[in-house]
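[1] The following block contains a protein sequence and its predicted model.
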Amino acid sequence: MTAGIRVGVLGARGRMGQEVVNAVNGADDMDLVAALDAGDDFAALKQAQVVVDFTHPEAVMGNLEFLTGNGIHAVVGTTGFSEERLEKLRSWLAADPSLGVLIAPNFALGAVLAMRFAQQAARFYNSAEVIELHHNRKADAPSGTAAHTARLIGEARAEAGLAPGEDATTSEVDGARGALVDDVRVHSVRLPGLVAHEEILFGGEGETLTIRHDSLHRTSFMPGVLLGVRSVLTRPGLTVGLENILDL
Ligand SMILES: NC(=O)C1=CN([C@@H]2O[C@H](COP(=O)(O)OP(=O)(O)OC[C@H]3O[C@@H](n4cnc5c(N)ncnc54)[C@H](O)[C@@H]3O)[C@@H](O)[C@H]2O)C=CC1
Ligand SMILES: O=C(O)C1=N[C@H](C(=O)O)C[C@H](O)C1
């Protein structure tokens, strides 16, 4: 019998971490060697080849500094990555060219497809808005997925030479028109009962296009996380987005 990939989990007592622990335990080609949460001794992580991080935007950079400093590959679902953070991570990775880190704003297949479809549609519509809907325990707004979607739409618009669509709003209650991310309006809804949902709305001449994805259970993220664990071992450097691994 061949040995499985030695996997550690950070944030193991959280909503996502618990699912990852179950998924790794259920994978024939993986062995769970550490399941840690805040305050635990990270020494056990040194047994791992790959560590999966679902923690908190304020914790993730410290975790990644530890992992990259100890030659451990990482698969990261935690949100909160600015371009500045990604640059810092690239600089840590440069010290060990064999090491891989995968960061994915969303590990659900449908969410990755929805982002790609939105990117494809963006050059045909000046006007686009994103609505993301999540459970009310979520720390960050807008969601990492919505911010990434807005960025993709903004880039596609810029490439096509499109300006953002007209908006006649001159009087607004603060926040009523959402947050602006790359010139795309993003609206965040927080309600108990929800898991993770996103709608991307495009408006054109006499028509609208709506792309919607719903994660109804956190198991929806697990095939993507396991694929990430299997792939990161042979993907040195920084990869941002599961779409790169799915070859979309
Ligand atoms: N990329 C994706 O597909 C998904 C990403 N997420 C993101 O994952 C993150 C976690 O989400 P949830 O599991 O819902 O949160 P949660 O609050 O249920 O779990 C986070 C866990 O991390 C622990 N933690 C905090 N700091 C830590 C540290 N320094 N080291 C180890 N553990 C630490 C907390 O004690 C907690 O148990 C969020 O940023 C969320 O947006 C969530 C779902 C899917
Ligand atoms: O906190 C969550 O739950 C989720 N976070 C990620 C995000 O911010 O996009 C992914 C998914 O939407 C669930």
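    Happy to help now that I have it. Numbers count the residues shown, from 1 in each chain. Ligands and ions are numbered 1, 2, ... in the order given.
[2] Taking the chain, what residue is nearest to ligand 1?
    Of all residues in the chain, the one sitting closest to ligand 1 is residue 14 (1.9 Å; C-beta to the nearest ligand atom). Backbone N, C-alpha and C define where each C-beta goes, glycine included.
[3] How about that residue: what's its closest non-neighbour residue?
    Nearest residue to residue 14 in three dimensions, chain neighbours excluded: residue 54, at 6.0 Å (C-beta to C-beta, 6 or more residues apart in numbering).
[4] what's around the one you found, how many residues?
    25 (other C-beta atoms under 10 Å).
[5] repeat for residue 163
    Burial of residue 163 is recorded as 9 neighbouring residues (other C-beta under 10 Å).
[6] tell me the contacts of it?
    Residues near residue 163 by C-beta atoms under 8 Å, 6 or more residues apart in numbering: 126, 157.
[7] That one: what secondary structure?
    Three-state call for residue 163 (DSSP: H, G, I helix; E, B strand; the rest coil): coil.
[8] Just the buried positions in the helix or strand where residue 147 lies, please.
    According to DSSP states H and E, residue 147 maps onto helix 144-160. Neighbour-count burial for helix 144-160 flags 144-154, 156-157 (criterion: 16 or more other C-beta atoms under 10 Å).
[9] Just the closest of the residues you listed to residue 200, please.
    Residue 200 lies nearest to residue 149 out of those, by C-beta to C-beta, at 6.1 Å.
[10] Is it correct that the closest one is in contact with residue 116?
    No. Judged on C-beta atoms under 8 Å, residue 149 makes no contact with residue 116 at a distance of 9.9 Å.
[11] what's the spacing between the residue positioned nearest the centre of the chain and residue 81?
    Residue closest to the mean C-alpha point of the chain, counted by C-alpha atoms, centre = their mean, is residue 105 at 1.0 Å. Going from residue 105 to residue 81 by C-beta to C-beta, to the nearest Å gives 8 Å.
[12] now residue 170
    35 Å.
[13] Settle it for me: which of those two has more neighbours?
    residue 81 (19 against 5).
[14] Ignoring the adjacent residues along the chain, who's closest to that one?
    residue 103 (6.0 Å).
[15] you'd agree residue 227 is in a helix?
    Yes. Applying three-state DSSP, one finds residue 227 inside a helix.
[16] confidence score at the closest residue to residue 95 other than its chain neighbours?
    Spatial nearest neighbour of residue 95, chain neighbours left out: residue 68 (7.5 Å); criterion: C-beta to C-beta, 6+ apart. We have a pLDDT of 98 for residue 68.
[17] now residue 68, what's its secondary structure?
    helix.
[18] which residues does residue 106 contact?
    Residue 106 touches 112, 115, 144, 145, 148, 196, 221, 224, 242, counting by C-beta under 8 Å, 6+ apart.
[19] Contact distance from ligand 2 - what residues of the protein qualify?
    Counting by C-beta under 6 Å from any ligand atom, the chain comes close to ligand 2 at 79, 105, 106, 134, 138, 143, 144, 145, 196.
[20] tally of neighbours for the first one?
    The one in question is residue 79. Using other C-beta under 10 Å, residue 79 has 21 other residues around it.
[21] ok, back up a step: correct me, but the residue nearest to residue 81 touches residue 79?
    No. If you go by C-beta under 8 Å, residue 103 and residue 79 don't touch, sitting 9.4 Å apart.
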